[in-house]
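Q: My questions concern the predicted model and sequence given below.
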Amino acid sequence: MLGLRFYACDRCGTVHADLTVPEQCHRCHDGPLREITRKLQADSYFAPPTGDDP
């Protein structure tokens, strides 16, 4: 199973979900795009609540 990877545009903040790095932002047609990782945003931001979250 292939997993989506998430990328954020440094210029406008739009988040893209794709299997590969998009060439440019689909909203502002600029870049660069950076992959969202634990350094940029915690994984829990993209996960549904588990019920034991505060």
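A: Nice, thanks for sending it over. Remember, predicted model here, so these are calculated numbers, not experimental data. Numbering: from 1, shown residues only.
Q: For the rest of this, base every contact and every neighbour count on C-alpha atoms.
A: OK.
Q: contacting residues for residue 22?
A: For residue 22, the set of contacting residues under the criterion of CA atoms under 8 Å, 6 or more residues apart in numbering consists of 16, 33.
Q: residue contacts, residue 15?
A: Contact analysis of residue 15 by CA under 8 Å, 6+ apart lists 6, 7, 8, 9.
Q: from what I can see the last one touches residue 35, true?
A: No: Residue 9 is beyond contact range of residue 35, at 9.0 Å (criterion: CA atoms under 8 Å).
Q: And those two? Which one has more around it.
A: The residue with more neighbours, out of residue 9 and residue 35 and counting by other CA atoms under 10 Å, is residue 9; that gives 22 against 17.
Q: in the sheet, who's paired with that one?
A: Here residue 9 shows beta-bridge partners residue 33, assigned using DSSP bridges.
Q: if we can go back for a sec, including distance to residue 20, could the contacts of residue 15 go into CSV?
A: Formatted as CSV, the entries for the contacts of residue 15 read as follows, by distance: CA to CA, whole Å:
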residue, distance to residue 20
6, 9
7, 9
8, 13
9, 14
